[in-house]
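*Asks:* test case, fold it:
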Amino acid sequence: MTVEGTPAGDTGPGPVDPLVEVPLDTPAPISETEAEKQARTNEGVAKATGILALGNIISRVLGLLREITLANLFGASAAVDAFNVAVVVPKGLYDLLIGGHVNGAIIPVMSEITAKDGKAALWRLVSVLVSMLLAVLSLLVLILQAGAPLVVDLVGGGLDAPTQALATTLLRLTSPALIFMGLFAVLSSTLYALRDFTWPAFATAVFNGVIVLAMLLFTPPPQIQANLSGVQIDWAIARPDNGITAAAMGWLLGSVAYMLLQLPGLRGASLRLTLNWQHPAIRKIGLLYLPVMFSLVLDILVIRIFSYNLATEIMNDGGVTIMNLATTLIQFPQGLVATAISIAILPTLSRQAALFVESAEDRDAFKNTLGLGLRLAITLIIPAAVGLFVLATPIVALIFGHGAFTASDGEMTVQALRLYLLGLPFAAVDLLLVYAFYARQDTLTPALIGLFSLMVYMVVALLLAPTYGLFSLMIADSVKHVVHAAISGVIFNRRVGGLGEQNLLDTVLRTGAAAVGLALTGVALLFLIGDSLSGGTLTELVWVLVTGGVSGAVFLVLAYLLRLEELRWLVAIVRRRVGR
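*Replies:* Alright, predicted model coming up:
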């Protein structure tokens, strides 16, 4: 298989590397100093972070729109239950078998091969991975097609017979998506290894958008139903259950678009299907993934089950829902800051790690790139966490406080959110450290640290449950992130011989001081606004935006006065980009 572009035997001039803004195969100017190289790398990391954050925002908005559309068209019906079963199977298999490979194993190995052997060697590895995935996933899809009734009975055994039959039909429609999702994982990893972030960044947004369009275009119109009860006729408007097929079809079409969106970025690549799967990198990827898969299994089979069961025991009605709502809000700053920065620096860290032992310059470059990521994460995640902490009450009321969601539910969710937020800065720093281990092709150490922090989480939750009830889970989660980040930092610091003069403590102190001003401003504004916040959805939205905007402006002013260099540096980059 040859991706359209140059002829199969021609690798072409190579894509443009956003970190250096010249073709990947073009050497850096001879006269360029190490400081100038690092400055270009830093600017590229900032640009990549912005692209990934923007893609994350759009995908989350469209993901929310997807759920709203599904709820508006079908409500809380048996058809939606059937759809959820049909979706969770391919998604779960993808997360376990493929998705975990990407950051922990595939990107670091691809980046190393590109740095040491060039793009021709990269195309050979990608060809093998694509060929293997097509064969293995096609076989898996055939098994799901044949065994769909058994799979549905296993996953959704509590459903009634008609709903299980519908779920079986839908699973046969959604299961082929596993093939396209797998191909996306390999192709997007290739682009990340080449440090081209644009196409992967917006893939999930396209995926969600296609699902929304499919539901709006292909869902049949509602039908008027009459139910005779004695002498009373109850009229209802509903869609037939099989109308949910539109959502399943959208899931399949979305996965195709998900994969196809990566092809423009690979223009000029030479990829062919092959039956020769003997490649030394395949074994390395497999060995790197084993600890990652162990961590995923722990998360799915231990942490979630333990947390859900404890939440249900403590609070029979609504505990899991409150926990999930608070977690949903936490994911926004986590995704926009920590995840975006981590993915942005992973390919560069992987290349620099591959050359780590070759010279002092390479070791310094690795430390400087990681230091940049840590400083950026600290500069952005602390004000985000503080702002969300202060504005927790109006934000929860704005997003969830409608319909059957009571004031008591809101208070519980706010408290849960604030306890989760205590661990957010540590979680952000920890994610970058985990990716730094991955860049050095060490997935075992993060997995072992994760196992220990998991035990800490469970012990703390059980000890605090009699006193703090449901909130013991949030406290335990924050303690877990603190422990994980602390251990990761100590071990990694020893492995690389220190991070040099990164001045992380200085960044924390300056950012923290500016964040105090943000918090005081937010609290004062909320006190002045008072009961005006409860004037309806539009009023709530306006006040949240005003309070958040003014508080954020105060943070920026204080950061400037405190000479927070990371923020000044980001502003300077934005100005240069806008001025072009």
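*Asks:* if you average pLDDT over stretch 216-233, what comes out?
*Replies:* Stretch 216-233 comes out with an average pLDDT of 63.
*Asks:* do the same with stretch 552-563
*Replies:* pLDDT averaged over stretch 552-563 gives 93.
*Asks:* same question, stretch 126-143
*Replies:* Across stretch 126-143, the average pLDDT comes to 94.
*Asks:* got it, and stretch 89-106?
*Replies:* Stretch 89-106 shows a mean pLDDT of 82 in the predicted model.
*Asks:* can you give me the first-to-last residue distance of that stretch?
*Replies:* Counting by CA to CA, to the nearest Å, you get 23 Å between the two ends of stretch 89-106.
*Asks:* what comes up buried for that stretch?
*Replies:* 89-91, 93-94, 97-106 (16 or more other CB atoms under 10 Å). Placement of C-beta: from N, CA and C, glycine included.
*Asks:* kindly report the same for stretch 249-262.
*Replies:* 249-259, 261-262.
*Asks:* export the residues you listed to JSON lines and tack on distance to L273?
*Replies:* Formatted as JSON lines, these follow (distance: CB to CB, whole Å):
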{"residue": "M249", "distance to L273": "27"}
{"residue": "G250", "distance to L273": "29"}
{"residue": "W251", "distance to L273": "26"}
{"residue": "L252", "distance to L273": "22"}
{"residue": "L253", "distance to L273": "24"}
{"residue": "G254", "distance to L273": "25"}
{"residue": "S255", "distance to L273": "20"}
{"residue": "V256", "distance to L273": "18"}
{"residue": "A257", "distance to L273": "22"}
{"residue": "Y258", "distance to L273": "20"}
{"residue": "M259", "distance to L273": "15"}
{"residue": "L261", "distance to L273": "21"}
{"residue": "Q262", "distance to L273": "17"}
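*Asks:* pLDDT check: weakest of those?
*Replies:* Of all these, Y258 carries the smallest pLDDT score, 91.
*Asks:* what secondary structure does that one sit in?
*Replies:* When classified by DSSP: H, G, I helix; E, B strand; the rest coil, Y258 comes out as helix.
*Asks:* surely it is in contact with A205?
*Replies:* No. Using CB atoms under 8 Å, Y258 makes no contact with A205, being 9.9 Å away.
*Asks:* picking up where we left off before, which among the buried residues of stretch 89-106 gets closest to G387?
*Replies:* N103 (27.7 Å; CB to CB).
*Asks:* can I assume the closest one is in contact with Y438?
*Replies:* Yes. Using CB under 8 Å, N103 is in contact with Y438, at 6.1 Å.
*Asks:* enumerate every residue touching T190.
*Replies:* Residues in contact with T190 (CB atoms under 8 Å, 6 or more residues apart in numbering) are M110, L122, V126, Q262, L266, A269.
*Asks:* make a markdown table out of the residues you listed and add secondary structure and distance to F332.
*Replies:* Below are the contacts of T190 laid out as a markdown table (DSSP: H, G, I helix; E, B strand; the rest coil; distance: CB to CB, whole Å):
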| residue | secondary structure | distance to F332 |
| --- | --- | --- |
| M110 | helix | 29 |
| L122 | helix | 34 |
| V126 | helix | 33 |
| Q262 | coil | 25 |
| L266 | helix | 31 |
| A269 | coil | 34 |
